[in-house]
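# everything below, folded, please.
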Amino acid sequence: MPNSPSPSGPHDRDAVITGIGLASCLGAGIEANWAALTDPSGFTPVVDTDSFAPAMVHPIVPLELDKQIPKRGDQRQMEPWQRVGVFSAGLALDSAGLKGNADVLSRTGMIVAAGGGERDYAVDEAILSGLPKAADQGGYLNEHLLGDVRPTLFLAQLSNLLAGNISIVHGVTGWSRTFMGEEACGADAVRIACARIAGGQSDAVLVGGSYNAHRPDVVLHYEMGGVSAGPPFAGIWGRQQHGGGLVLGTIGCFLVIESRAHAAARGAAPFARIDAVRTDRSRREPGQATSNASAQLGTMEAALDRSACAVISGASGVAAPTQEEAAWLATLGLPVRASSTAFGHSLEPVFPASLALAALAVREGRLFNPLEPAEAPMEGTLRQALVTGWGHWRGESLALVTAA
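Predicted coordinates for the structure are as follows:
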């Protein structure tokens, strides 16, 4: 991406979003999600408070998997997070008008933001139950980890299998990369896709990820880390009055990003243009994340129209970074929406999902409803959106999205 985005007219190497595949607790597909966010009666959060009480999660809607993964054998060999990802990737290709276009898909690259695979809970429970009774706990662990954790299970957990399954099911066979690293890897996946397009290395890239929050191991992980929000449910900003915390959400989101010239040549109408993506990280000492965000914004000021701009924040809800981001956002004087209030916090795909909301909003020319009382309505036309991606532990990202 250019270091200083220009407010000048369109260019052939602009990175434009031509396809969006989004599946969440609000619906499958952009129409269902947008309808939920713009319901005239107001936004209603979808939260499961029972499955892992007292922890809460945002469940994904039931997916008609056959529509995007037609072979039942393919469905069976995937874990839930992979099915969600492959399904969402198919939605994105449909949205872009690329489904079944073997010529373009053979040249389309793919960057997947992914976490680790899912676990064999029966094995975990047996090992944890036997460990306190073992005379030699170290020896017990070695014996059972070597003997009970099957190699085939480990292979099924490899993060890059999501990209492999997308390639097999949808025929995206240009080139592929898989990034790991929680929220930051989702932002870097988009940044590198846009950089390759700007530099002429790629004309079309499928980028995104998926996350399954209905996993007792990840719920336990964040509970033990002390960063889960307790009941009752409140939005990202409202829960800061009660100690903050994240509420995980199952979500899949993929974007098709193309050069403007490539999209025009095949008659594809873009949702929006990605003017810039910046990523950085800090040790999260006081003020460091704010400093990174301010520096990132400084590279975008020349292209920013504050009179027609809003913020789509990927804040996690975890107290310290969320409160620091809220203070920084207050200095901008722009209306804000927190995507994780709508979908739950999904780590790797949260940045692509926030970009998806930004692209939909600028295409429609209006910001969707406030998601909680702390968020102000927006009057007037929306033409730009800043998308933030402060990780719950590390990583600060910022993108500028403009009407195409």
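# quickly find the element holding the residue of the chain most remote from its centre.
Here the chain reaches farthest from its C-alpha mean at Ala135, the gap being 44.7 Å by CA atoms, centre = their mean. For Ala135, there is no host helix or strand (DSSP states H and E).
# got a pLDDT number for it?
Listed pLDDT for Ala135 reads 96.
# how close does it sit to Leu141?
13 Å (CB to CB, to the nearest Å). Heads up, the C-betas are built off the backbone N, CA and C, glycines and all.
# same deal with Ala327?
Per CB to CB, Ala327 is found 45 Å from Leu141.
# who has more neighbours, the two?
Per other CB atoms under 10 Å, whichever of Ala327 and Leu141 has more neighbours is Leu141, with 14 against 10.
# tell me which strands and helices the helix or strand encompassing the more buried one is in contact with?
Secondary structure assignment for Leu141, by DSSP H and E: helix 137-148. Under the contact criterion of 3 or more CB pairs under 8 Å, 6 or more residues apart in numbering; DSSP states H and E, helix 137-148 touches helix 121-130.
# what separates the helix it packs on from the chain centre, distance-wise?
Relative to its parent chain, helix 121-130 has a centroid offset of 31 Å by CA atoms, centre = their mean, to the nearest Å.
# okay, the angle between that helix and helix 137-148?
Interaxial angle, helix 121-130 versus helix 137-148 (axes from the mean of the first three to the mean of the last three CA atoms, to 10 degrees): 160 degrees.
# can you pull the buried residues of helix 121-130?
By 16 or more other CB atoms under 10 Å, the buried positions in helix 121-130 come out as 123, 127.
# ok, residues contacting that helix?
With contacts defined as CB atoms under 8 Å, 6 or more residues apart in numbering, helix 121-130 is touched by 140-141, 144-145, 148-149, 216-217.
# just flag the most distant two among the residues you listed.
Within the contacts of helix 121-130, two members stand farthest from each other by CB to CB: Tyr140 and Pro216, at 22.2 Å.
# which phi and psi does Gly267 have?
Gly267 adopts backbone torsions of phi 70, psi 30, taken as degrees, to the nearest 10.
# give the burial count for it, as a bare number.
For Gly267, the count of nearby residues is 7 (other CB under 10 Å).
# for the remainder of this discussion, apply numbering that starts at 33.
Let's use 33 as the start, then, which means that last one is Gly299.
# state the distance from it to Cys226.
Here Gly299 is placed at a distance of 22 Å from Cys226 (CB to CB).
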